[in-house]
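> Kindly return the folded structure for what I paste below:
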Amino acid sequence: MHTLAVCAEMVHLDLPVQERARRIHDAGFQVEIWDWSRHDLSALARSGAVFSSMTGYLRGSLTDEDGAAELLRTAEESVKAAHLLGCTRLNLHGTGLDSEGLTVTAVAGEAAGPMWIAAHRTLTRVAELGESAGVVFTLENLNTAVDHPGVPFATAADTLALVAAVNRPGLRMNLDLYHAQIGEGNLIELVRRAHGRGLIGEIQVADVPGRCEPGTGEINYPAVARALVDLGYDGTVAMEAWASGDSDLALERFRSAFTL
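This is a model prediction of the structure:
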């Protein structure tokens, strides 16, 4: 059976992040965070929460030499931070994101062949780092239509192709179904394809439109949950979603959608 986690960056926003982590933990969920450098890691460690994922780099990109070097350098810093929290999964994107979630390096149209080769080379080194450090890096698909215009390798299909090409245990896919619904749709078949290849490191969820908790939009998340059970998926499903209203109610809606 899958494990449920909640992103502490998007719920209980009136509380300090360590209190959010404690509230999420007390509600029976694991906890995820984004940029660890903005937080007091000692306070988070004292929260008692189990941390399932955090951002695995601070700056950098996959496709140019200087950006790749910076990504790998800050990935090493992130591994040290992850060890302080007992977190074994670290998340990546196709390029760096700024404080507003916009791309640091954008592309016009499809990523060109040399970008794929460079990304493969960088991700192989990331996977090697993960394997030596006892963590798994996950590459997340994003959407370019609403939230992250210009991100290279944004689609779930592109992300899956890169992870499959690297084919190392230190790199898996963070399959974000909110982003995939906006970019591609056909979510259950997408889950089946990625799971069948053994490449899912985590699944993230939010509803469309609005990026709020399951049950607030168009996605039939109970059907997705049934498909995950039928597939035997026993990894993490994380709510990376804003609370549409009361945060406790949002967590319960999430739990209800993914508890069969």
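> can you give me the strands for the protein?
Remark: strands assigned in the chain by DSSP state E are 3-7, 30-32, 51-55, 89-92, 136-140, 171-176, 200-205, 236-239.
> Tell me the strands beside the fourth one, with direction?
Listed by DSSP bridges, the sheet partners of strand 89-92 and their directions read strand 51-55 (parallel), strand 136-140 (parallel).
> and the first one, how far from the chain's centre?
It stands for strand 51-55. Taking C-alpha atoms, centre = their mean, to the nearest Å, one finds strand 51-55 lying 8 Å from the centre of the chain it belongs to.
> quick check: angle from that strand to strand 171-176?
Per axes from the mean of the first three to the mean of the last three C-alpha atoms, to 10 degrees, the angle that strand 51-55 makes with strand 171-176 is 90 degrees.
> now strand 51-55: mean pLDDT?
Here strand 51-55 scores 97 as its mean pLDDT.
> Name the surrounding residues that touch that strand.
Contact partners of strand 51-55, identified using C-beta atoms under 8 Å, 6 or more residues apart in numbering, comprise 3, 5, 21, 30-36, 44, 78, 81-82, 85-87, 89-91, 138, 174, 202, 236, 238. All C-beta atoms are positioned from the backbone trio N, CA, C, and that covers glycine.
> Among those, name the buried ones.
Among those, the ones that count as buried by 16 or more other C-beta atoms under 10 Å are 5, 21, 30-34, 36, 44, 78, 81-82, 85, 87, 89-91, 138, 174, 202, 236, 238.
> distance of residue 113 from residue 71?
As judged by C-beta to C-beta, to the nearest Å, residue 113 and residue 71 stand 20 Å apart.
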